[in-house]
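*Asks:* coordinates only, sequence not included:
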């Protein structure tokens, strides 16, 4: 796929989210400033300062369904942290879902990129089994809920059973997921690579993967959810109607590819742009909340 030029680039930039947001749409700092209650506990899943998660538990005795929340930020540390998804993690907790809001190393973090970013996500997801030994979590009702770059990682986490044994990303028994929910996040790294500089200001996919598809094809085969289909997990793409990170052709193309491969996949469109999907104050939020609740219902 060729890089978009001219008017198409302007259109993407006007709607995207990291470096340019259309008038009236939320910006990253708007979401960071949303109120949220602190987590119940912070738990490390590794030795690095960025290898931790924030656990929030609903009121009651449980066991509670679990949403593993993964923030975005173009796979780059300077753009986002768990603060960007604190409000949605807190709001889902208030709706009766335990949330595990995870931090991870990004391509500009020591040890991040390939394979560290991916192995961090896998380790954080699998730690839920350990956490469930001390907290009332229902391991039969676990979802990944990722925003933007975190949406890619949420889908990828659901695909880990498809990784070959020789892969640097392989684990013997990844935590089973009921559903993977991508909030404005790409499932096809090759497709997103065609316009990633417009969205993120740099060729972040090549940086994340350590090269282009022509030179490290095996990494794209292991790190792009679209190339791991089918993975036998329901996939829901919730996207703002004006979100340039996942414009209509891209989101529909991924859902169609997943469906054709045999997976259950759907696109849910909500009002707004790229950041409204993680803002409990937005008009998009009731649909986001209710979709997560419905997918994790007993």
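*Replies:* Sure, I can see it. It should be emphasised that the depicted structure is a prediction, and the values quoted were computed from it without experimental measurement.
*Asks:* Give me the helix or strand of the chain that scores worst on average pLDDT.
*Replies:* Within the chain, no helix or strand scores below helix 7-15, which has a mean of 34 by mean pLDDT, DSSP states H and E.
*Asks:* Tell me the helix or strand right after that helix.
*Replies:* For helix 7-15, the following helix or strand on the C-terminal side (DSSP states H and E) is helix 28-32.
*Asks:* ok, so what distance separates residue 32 from residue 88?
*Replies:* Taking CB to CB, to the nearest Å as the measure, residue 32 falls 12 Å from residue 88. Yep, even glycine has a C-beta here, placed from its N, CA and C like the rest.
*Asks:* Among those two, which residue is more densely surrounded?
*Replies:* Neighbours per residue (other CB atoms under 10 Å) separate residue 32 from residue 88, with residue 88 holding more: 28 against 15.
*Asks:* So which residues of this structure form strands?
*Replies:* 41-44, 52-56, 64-70, 98-102, 137-147, 179-183, 234-240, 265-270 (DSSP state E).
*Asks:* mind putting these in a markdown table, mean pLDDT, distance to residue 207 and mean neighbour count included?
*Replies:* Formatted as a markdown table, the strands of the chain follow (pLDDT from 0 to 100; distance: least, CB to CB, whole Å; neighbours: other CB atoms under 10 Å):
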| stretch | mean pLDDT | distance to residue 207 | mean neighbour count |
| --- | --- | --- | --- |
| strand 41-44 | 98 | 26 | 14 |
| strand 52-56 | 98 | 24 | 23 |
| strand 64-70 | 98 | 19 | 28 |
| strand 98-102 | 98 | 21 | 29 |
| strand 137-147 | 98 | 19 | 23 |
| strand 179-183 | 98 | 21 | 30 |
| strand 234-240 | 98 | 24 | 25 |
| strand 265-270 | 98 | 28 | 18 |
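*Asks:* Output these in JSON lines; the columns should cover distance to residue 209.
*Replies:* Listed next are those as JSON lines, based on distance: least, CB to CB, whole Å:
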{"stretch": "strand 41-44", "distance to residue 209": "27"}
{"stretch": "strand 52-56", "distance to residue 209": "24"}
{"stretch": "strand 64-70", "distance to residue 209": "18"}
{"stretch": "strand 98-102", "distance to residue 209": "21"}
{"stretch": "strand 137-147", "distance to residue 209": "18"}
{"stretch": "strand 179-183", "distance to residue 209": "19"}
{"stretch": "strand 234-240", "distance to residue 209": "21"}
{"stretch": "strand 265-270", "distance to residue 209": "23"}
